[in-house]
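In: Take this sequence and fold it.
(3 chains)
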Amino acid sequence: MYEHFEWFLNKERVDEAGQEMYDLMARLYPITRSITGNGVRETLKIIQEYIPLNIHEVPTGTQVFDWEVPNEWNVEDAYIKDSRGVRVVDFQKSNLHVLNYSVPIHAKMTLDELKNHLFTLPDYPEWTPYLTSYYRKDWGFCLPHNLLQSLPDDLYEVKIESTLKPGFVTWGELYLPGETEEEILLSCYVCHPSMCNDSLSGVVLLTLIGQLLTHLKRRHSFRLLFIPETIGAITWLHENQDKVGRIKCGLVATCLGDPGQSTYKRTKHGNHYLDKVVEKVLEDSGEPFQIIDFFPMGSDERQFSSPGFNLPVGSLMRTPYGRFPQYHSSADNLDFVGSSYLANTYQKYLQVLHVLESDDRYLNLNPKCEPQLGKRGLYSSVGGQKNAQDIQFAMLWVLNFSDGQNSLLDIARRSGMPYELIVRAAKDLQGSELLVSVMQTDERLYARRTR
Amino acid sequence: MYEHFEWFLNKERVDEAGQEMYDLMARLYPITRSITGNGVRETLKIIQEYIPLNIHEVPTGTQVFDWEVPNEWNVEDAYIKDSRGVRVVDFQKSNLHVLNYSVPIHAKMTLDELKNHLFTLPDYPEWTPYLTSYYRKDWGFCLPHNLLQSLPDDLYEVKIESTLKPGFVTWGELYLPGETEEEILLSCYVCHPSMCNDSLSGVVLLTLIGQLLTHLKRRHSFRLLFIPETIGAITWLHENQDKVGRIKCGLVATCLGDPGQSTYKRTKHGNHYLDKVVEKVLEDSGEPFQIIDFFPMGSDERQFSSPGFNLPVGSLMRTPYGRFPQYHSSADNLDFVGSSYLANTYQKYLQVLHVLESDDRYLNLNPKCEPQLGKRGLYSSVGGQKNAQDIQFAMLWVLNFSDGQNSLLDIARRSGMPYELIVRAAKDLQGSELLVSVMQTDERLYARRTR
Amino acid sequence: MYEHFEWFLNKERVDEAGQEMYDLMARLYPITRSITGNGVRETLKIIQEYIPLNIHEVPTGTQVFDWEVPNEWNVEDAYIKDSRGVRVVDFQKSNLHVLNYSVPIHAKMTLDELKNHLFTLPDYPEWTPYLTSYYRKDWGFCLPHNLLQSLPDDLYEVKIESTLKPGFVTWGELYLPGETEEEILLSCYVCHPSMCNDSLSGVVLLTLIGQLLTHLKRRHSFRLLFIPETIGAITWLHENQDKVGRIKCGLVATCLGDPGQSTYKRTKHGNHYLDKVVEKVLEDSGEPFQIIDFFPMGSDERQFSSPGFNLPVGSLMRTPYGRFPQYHSSADNLDFVGSSYLANTYQKYLQVLHVLESDDRYLNLNPKCEPQLGKRGLYSSVGGQKNAQDIQFAMLWVLNFSDGQNSLLDIARRSGMPYELIVRAAKDLQGSELLVSVMQTDERLYARRTR
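Out: The predicted structure is shown next:
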């Protein structure tokens, strides 16, 4: 089945995907999203043009573990007008200007009174910060520090036309059954307004990965979540407690389109199979990368990994949240991300999924001494190729270590050879009936047993 | 209970303790101690002014494992007089001048004859060495090399008024029962004459720690030993074989007052809980330190860790024995040590005991997803403080890893956060009924069972 | 029993052995060997002058696992004559000139036609390469590139007087029973023609080691194999499947006489007891060395370690195969190797065998506190020696860690002391009845049980 992946892993297709992701991001960028409300619905509707998302809604007031689904927030308009009636801060120009989850207000006040509700980034005076107040009733405006500095003493009219009313928390979900019920979880968040690297890069990446997975034969089942961060993850876990046991591992997709190097934040388990997979993919890439250990801050991995679930969920990013200055500001925009970076990350995600889908443990069917590769044409089959010796060495590695205990990933890690070469050698040896899969057999049995 | 420790861990109290230790050391310094004899008794009597030491004595000739308690040694006077009757070497000026455990002698001899019994340090010609001959009958004098060089040919009168007679080996012991019978062992040695860093620094440190522990509520039981090195440790182990099983871990206290950095000599087990505790305390100190692996030479840890007992006993020192030139010479005196160094070491010992006493494993009572800290006031409670974010992160660490398996120390080590912050976060979470202790419950059960 | 080894480990004896090995190599050098044929028989016959080798033969056509014993190859003469009748390439001058396993040929051809069958090393134009074609029927000549360049257009007569007929694969074997049936396997290969470092260095080393072992009391049994590489190893394993279970560990001996530093290629297991032994011997040598991890290419360790046998077989070499330019060329000759390098390697092999034979786990019979070494004369016995303190420290290490779990090798590794010092301390302590062997007892019991 990995052939399918190979087909999609060609450079040209990956570059196309990069452009498609960027275009979709540009379309989603202007929408005013929050942890609830119509922006989320509109976003999910657009994604449904690409993949058959199921939309789920849970009503305000529902108790979800220690939390309660909050009132739904929507906002129509918001501004600060000076005494001449000029909108000096205007929600129509950027949805970031409104403190997310602001209660409605309509009042006149002096600049001094107003200042308690104005938020800026003095270190980046041209940028507007992105701030929220989900659980503390408040209102406010975010604006560039330079603009704040330039505001004269005046009587200002402030208006936020928002509503906070019983409604729903909304999310989208794509479940793709595979040969086994064991699931790979991929999760992104749809609750940020105009934020490109943080949030949207994950949304567009999972959209294209979902599209690809839909057309592939799958060994694992896949579950893709497009959820509001924190409250969405908590609500999903609450509503799906019976399914959590099937999740083998997962990745939270965010911060995937910036120019920085790849960063992998390990699962809580630290040395989980998934961690080995992602780290091998990054090593094989030949590009610089960094590995960071799990910490219980960050995105929804902190909910998935809470001790009541303890799911092995990592996060494959580029520059992590909070480590680029544009984070949570108007500078995390369409100029900050690039289609080539999205394409590069997309390729790495596919390679991770490729390992998860193709890795297997084998038994060497000729375990006593080496088999005679020459008489089976396993030399000549590769004789004409540049990497003839590499593939032959890969075969010797696979034969020597295929005792049913070592997976192809184990062998690739131990030999220092690229996973691709090891999986190819295994395929050639299987073709000559020198290898038989152990794991797939086990898993099929397991799948039968658990259905 | 750790509050008590916190109270005593304030800088002012620690500085006071440093001065008290130094003053006590100055008082103990002139006493002529050996592995037996009245100097030990006099020393223990002074310590009894601070803590209610029990004095134990075991008679000469008692078989203690492979050893036998030796004759008791006492010395009244000793000198070398030249032919004009001038004391050129005089025990009254320094007890180091007599080879410790010298047999009595009174004779006249030439310088050449005398030289076989004179010991010096040619590399440090101003210093008098400290030497012993416990198990080989001999007599001798120790003196500065310069003095030896200056002695003219003459007929010298040598006299050592010592006695070697059946008596006792003597030690002091402070046992402080705690909530459980599990014991922390703290041991120092009282057998060296005028040696400040080696020997006396441990004696004064344990005296002040004993004084503090007496006034605290204790989870563990504590046993403080003031024993002659080697024969005292062997005798104690022989007489207390039934109690050894209660010892959880221990520290030998010596070389604690010099200007060098802290040094921790690990337990024989190498990766014992105690080793993790001490190493975390040293890391959290922000000061330079070194860790050295166990070796079966050194002080009484070699007896406690002999394979028949195998106790996890480490040694938290400053510059280790044998690694400072003043070691076992008259230069290991009151000028070599300082009250600020003693204070610094005292603080580290208290921090070690604080971890041992306060560490616990907890169960997160809201294990599914994060609890909402805001509605419990766990944000605001710390909002005004400089380290507000740190304590919040510490709470998330404690919540995520409190599955009953990880202790607070484990969490502090994994998070890289100071133990103090983690223990404080755990206390706040316990206050909000989000955590419950596992270990203390276990230990109380265990204590009941074993009493 | 290790005393015997000590006797043979003196410098003079080792130097003599180096010369003997070199002389034997010079005698074996000219013989035309291959994986079958009379050259192997002649070689083994000469070795029989030193050790009582058993000769084994298995006929052509025998199925050995996935392989079949090939026709036997012998060659009488071979040449390329120019039109004037001059032998421009002459087998009589070097057996490397014939492609090993060439089919017979007698023909006249132009230089152009001939060139398809000529092999050279353009990067080393003075050297003749060593090439084989065991399993693909072909003929050819190997010659210096300079010579090829100088050949004029001409009509050449080529003749190879070889035979490829049913015969045997031949090997020599020395089995030396010890106290237990547990075997140490030592293997070298006798299939290369005039190759000194690759192949012959292993042959002469095992010959002298066999000679020495024959005269020693042995704890382990030893099996020395002089086999053709690959097919010989496969045939031996096929014919001795019932004995493989007795092999505790083994070494493949090759590349032992060059000036490079020692190299140890680990067993497949990577952290096997044998690996620890060899690495400690190399550390104790004080000479530079390198350790490389197992890889399933190289020599016969790849057969012994195939998953059906999984034997822990490493390889202690100097510069490994393929990493010196002379490898598989006429430059791997008697000038490339030296008797001093052979002697040095010989000594290291003996030290490895010495550890394997002498290592033991002990019980400290005085486990509670240190025994009093002084009253047993264990101080004075070493007092006069330079390393008196070292041996005393070694005794303390052995006493403290001899709980029946740690072997002397473990203690040597943990203490950082030379194995020789630790084994000597153990011997002294045994002499004073402070230690008793655990392992030898176990092994003797085991040996009885399995016979």
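
In: shaky segments in chain A?
Out: A:1-8, A:380-386, A:440-451 (pLDDT under 70).

In: What's the local residue count around the single nearest residue of it relative to chain B?
Out: Going by CB to the nearest CB, chain B is nearest to A:Gly308 of chain A, at 3.4 Å. Backbone N, C-alpha and C define where each C-beta goes, glycine included. A:Gly308: 16 surrounding residues under other CB atoms under 10 Å in any protein chain shown.

In: so who does it touch?
Out: B:364, B:367-369 (CB atoms under 8 Å, 6 or more residues apart in numbering or on different chains).

In: hmm, try it at 7 Å
Out: B:367-368 (CB atoms under 7 Å, 6 or more residues apart in numbering or on different chains).

In: what about it, helix or strand, and which?
Out: Counting by DSSP states H and E, no helix or strand carries A:Gly308.

In: what's the spacing between it and A:Ser339?
Out: 40 Å (CB to CB, to the nearest Å).

In: returning to what we had before: quick check: phi and psi on the residue of chain A closest to chain B?
Out: Main-chain torsions, A:Gly308, degrees, to the nearest 10: phi -70, psi -20.

In: ok, now A:Ile422?
Out: A:Ile422 adopts backbone torsions of phi -70, psi -40, taken as degrees, to the nearest 10.

In: Please, where are all the helices along the stretch 101-250 of chain A?
Out: A:111-115, A:145-150, A:201-214, A:231-239 (DSSP state H, counting those that start in this stretch).

In: Could you export those helices as a markdown table, including mean neighbour count and distance to chain B?
Out: Formatted as a markdown table, the helices of the stretch 101-250 of chain A follow (neighbours: other CB atoms under 10 Å in any protein chain shown; distance: least, CB to the nearest CB, whole Å):
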| stretch | mean neighbour count | distance to chain B |
| --- | --- | --- |
| helix A:111-115 | 14 | 20 |
| helix A:145-150 | 14 | 22 |
| helix A:201-214 | 23 | 20 |
| helix A:231-239 | 23 | 4 |
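
In: Tell me which of those helices sits nearest to chain C.
Out: helix A:201-214 (34.9 Å).

In: contacting residues around the closest one?
Out: A:8, A:17, A:20-21, A:24-25, A:28, A:47, A:50-51, A:174, A:176, A:186, A:188-190, A:222, A:224, A:226, A:253-257, A:337, A:342, A:345-346, A:349.

In: Now distance to A:Met317 too, for the helices of the stretch 101-250 of chain A, in JSON lines please.
Out: Putting the helices of the stretch 101-250 of chain A into JSON lines (distance: least, CB to CB, whole Å) gives the following:
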{"stretch": "helix A:111-115", "distance to A:Met317": "36"}
{"stretch": "helix A:145-150", "distance to A:Met317": "28"}
{"stretch": "helix A:201-214", "distance to A:Met317": "9"}
{"stretch": "helix A:231-239", "distance to A:Met317": "17"}
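
In: Of all those, which one is nearest B:Gln326?
Out: Among these, helix A:145-150 comes nearest to B:Gln326, with 61.5 Å by CB to CB.

In: what sits up against the closest one?
Out: A:118, A:120-122, A:125-126.

In: What subset of those is buried?
Out: Among the contacts of helix A:145-150, those classed as buried by neighbour count (16 or more other CB atoms under 10 Å in any protein chain shown) are A:118, A:120-121.

In: Of these, which is the nearest to B:His97?
Out: For the buried ones among the contacts of helix A:145-150, the nearest to B:His97 is A:Leu121 (74.9 Å; CB to CB).

In: and A:Asp390, what helix or strand is that in?
Out: Assigned by DSSP H and E, A:Asp390 belongs to helix A:388-401.

In: buried sites along whichever helix or strand comes after that helix?
Out: Heading C-terminal from helix A:388-401, the first helix or strand you meet, by DSSP H and E, is strand A:403-407. By 16+ other CB under 10 Å, the buried positions in strand A:403-407 come out as A:403-404, A:406-407.

In: now the angle from strand A:403-407 to helix A:388-401?
Out: Angle, strand A:403-407 to helix A:388-401, by axes from the mean of the first three to the mean of the last three CA atoms, to 10 degrees: 120 degrees.

In: quick revisit: would you mind pulling the contact partners of the helix holding A:Asp390?
Out: A:364, A:370-371, A:373, A:378-379, A:382, A:411, A:414-415, A:417, A:421-422, A:424-426, A:428-429, A:434-435, C:296-297, C:302, C:305-307.

In: 8 Å instead?
Out: Everything outside helix A:388-401 that qualifies as a contact, by CB under 8 Å, 6+ apart, is A:362, A:364, A:366, A:370-371, A:373, A:378-379, A:382, A:385, A:408, A:410-411, A:414-415, A:417, A:421-422, A:424-426, A:428-429, A:434-435, C:268, C:295-297, C:302, C:305-307.

In: ok, of those residues, which come out buried?
Out: With burial judged by 16+ other CB under 10 Å, the buried subset of the contacts of helix A:388-401 is A:362, A:364, A:366, A:370-371, A:373, A:378-379, A:382, A:408, A:410-411, A:414-415, A:417, A:421-422, A:424-426, A:428-429, A:434-435, C:268, C:295-296, C:302, C:305-307.

In: So which of the residues you listed sit within helices?
Out: Those of the buried ones among the contacts of helix A:388-401 mapping onto helices are A:382, A:408, A:410-411, A:414-415, A:421-422, A:424-426, A:428-429, C:302, per DSSP state H.

In: Spell out which parts of the stretch 301-450 of chain A neighbour chain C.
Out: A:364, A:366-372, A:374-375, A:393, A:396-397, A:399-403, A:415 (CB under 8 Å from any CB of the partner chain).

In: hang on, A:Leu185 packs against A:Leu225?
Out: Yes: contact criterion CB atoms under 8 Å: A:Leu185 and A:Leu225 qualify, at 7.1 Å.

In: Looking at the two now, which is surrounded by more residues?
Out: Neighbour totals were compared for A:Leu185 and A:Leu225, and A:Leu225 leads with 27 against 22 (other CB under 10 Å).

In: Just list the residues touching the residue nearest to that one when sequence neighbours are not counted, thanks.
Out: The shortest distance from A:Leu225 to any non-neighbouring residue, by CB to CB, 6 or more residues apart in numbering or on different chains, is to A:Ser187 (4.3 Å). By CB under 8 Å, 6+ apart, the residues touching A:Ser187 are A:206, A:224-225, A:227, A:233, A:250-253, A:300, A:304, A:313.

In: residues contacting the most centrally placed residue in chain A?
Out: Nearest residue to the geometric centre of chain A (CA atoms, centre = their mean): A:Ala253, 1.2 Å. Going by CB under 8 Å, 6+ apart, A:Ala253 touches A:186-188, A:201-202, A:205-206, A:315-316, A:349.

In: cutoff 7 Å now
Out: Going by CB under 7 Å, 6+ apart, A:Ala253 touches A:186-188, A:202, A:205-206.

In: Tell me the one of those nearest A:Asp332?
Out: For those, the nearest to A:Asp332 is A:Gly202 (12.7 Å; CB to CB).

In: which residues does the nearest residue to A:Leu164 once chain neighbours are set aside contact?
Out: Sequence neighbours aside, A:Asn71 is the residue nearest to A:Leu164 in space, at 4.4 Å (criterion: CB to CB, 6+ apart). Taking CB under 7 Å, 6+ apart as the contact definition, A:Asn71 lies against A:60, A:164-167.
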